[in-house]
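J.: 3D, please:
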Amino acid sequence: MKAKNLIAHINNNYDPEQEVMGFVLGSEYKEMKADLWRKAVEIWDDEDIRNLFKDRIQDILIDAGQKKQ
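T.: Below is the predicted model:
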């Protein structure tokens, strides 16, 4: 996803006062080589990996919410 598309998505889907947590890593991070970036994108495009990541993050958020109460 391009940065401009991410910004548009946030602007279109979230109230400006709503708190959000994001995870963004760009191809320019630590001057990553193009072939390494392509491999990272291929891994992230794997639906099983994305679902595992979402499940793990959801567990962390649930735990954090329970500790806050």
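J.: mind listing the helices for this structure?
T.: For the chain, the helices defined by DSSP state H occupy 3-13, 34-44, 47-68.
J.: now the longest one: how far from the chain's centre is it?
T.: Which is helix 47-68. 12 Å (C-alpha atoms, centre = their mean, to the nearest Å).
J.: from the rest of the structure, what touches that helix?
T.: Helix 47-68 is contacted by residues 23, 43-44 when judged by C-beta atoms under 8 Å, 6 or more residues apart in numbering. For the C-beta atoms, the positions are set from N, CA and C on the backbone; glycine is no exception.
J.: got the angle for it vs helix 34-44?
T.: 70 degrees (axes from the mean of the first three to the mean of the last three C-alpha atoms, to 10 degrees).
J.: equivalent analysis for the first one, please.
T.: For helix 3-13 against helix 34-44, the angle by the same axes, to 10 degrees is 30 degrees.
J.: from Met21, how far out is Asp48?
T.: 23 Å (C-beta to C-beta, to the nearest Å).
J.: kindly apply the preceding question to Met1 instead.
T.: Distance from Met1 to Met21, by C-beta to C-beta: 17 Å.
J.: how about low-confidence regions in this protein?
T.: 25-32, 67-69 (pLDDT under 70).
J.: sorry, back to before: can I get the helices of the chain in JSON lines including mean neighbour count?
T.: Below are the helices of the chain laid out as JSON lines (neighbours: other C-beta atoms under 10 Å):
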{"stretch": "helix 3-13", "mean neighbour count": "10"}
{"stretch": "helix 34-44", "mean neighbour count": "11"}
{"stretch": "helix 47-68", "mean neighbour count": "10"}
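J.: I'd like the distance from stretch 43-58 to the chain centre, please.
T.: Offset of stretch 43-58 from its chain centre (C-alpha atoms, centre = their mean): 10 Å.
J.: now stretch 41-49
T.: Using C-alpha atoms, centre = their mean, the offset of stretch 41-49 from its chain centre is 12 Å.
J.: that'll do, ta.
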